[in-house]
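J.: Quick one, structure for this:
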Amino acid sequence: MVCFSHVGQCVRDLDRARTFYTGALGFEEVLDLDVSGAQSAKLLRLPGTVGLRAVYLRRDGFVLELLAFSDPEPEVPRERTMLEPGLTHVSVGVDDLDDACAAVLAHGGTIFAESRLEAAVFVADPEGQVIELLAGTQFADRLHRRGA
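T.: Next comes the predicted model:
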């Protein structure tokens, strides 16, 4: 059997990231672990040992793992384009797009105003992670076959 577990995101400021996701986007914290040491370094393909906390946040069955390294320090993020292979964004359904954008700004995020459509907009968390906000749940309902 195979099942989805979580998506991991390295952050430079754990408290700021946790506050953003819980305050602006309605995630709930479910686990906070100190996973420092050589075993984590080996798993993550990093040399030596690491100082690392992993905080798991959940919303609608989706689990986001915030990885906060104290040793070594995380690199400064760079902006990625949607054309680069790999994960490009996380998508979250919201009841009201304007209210969600206000919450993003209030919690230190950024709105990419040039991307704004009637029912969608791209934003970034305080660490620069790109997030798509979708108005309503119609698209998510289709993806997850809810209400069928």
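J.: what bits of this protein have low per-residue confidence?
T.: Scanning the chain for pLDDT under 70 picks out 137-138, 140-141, 144-148.
J.: let's go with 80 and repeat that
T.: The chain contains residues with pLDDT under 80 at 137-148.
J.: So which bits of the lengthiest helix in it are buried?
T.: Counting residues, the longest helix found in the chain (DSSP state H) is helix 14-25. Within helix 14-25, the residues that count as buried by 16 or more other CB atoms under 10 Å are Leu14, Ala17, Arg18, Phe20, Tyr21, Thr22, Ala24, Leu25. Every residue, glycine included, has its C-beta placed from N, CA and C.
J.: middle-most residue in the protein, spatially?
T.: Nearest residue to the geometric centre of the chain (CA atoms, centre = their mean): Leu64, 5.8 Å.
J.: Give me the spatial nearest neighbour of it, chain neighbours excluded.
T.: Of all residues not flanking Leu64 in the chain, Leu57 sits nearest, at 4.8 Å (CB to CB, 6 or more residues apart in numbering).
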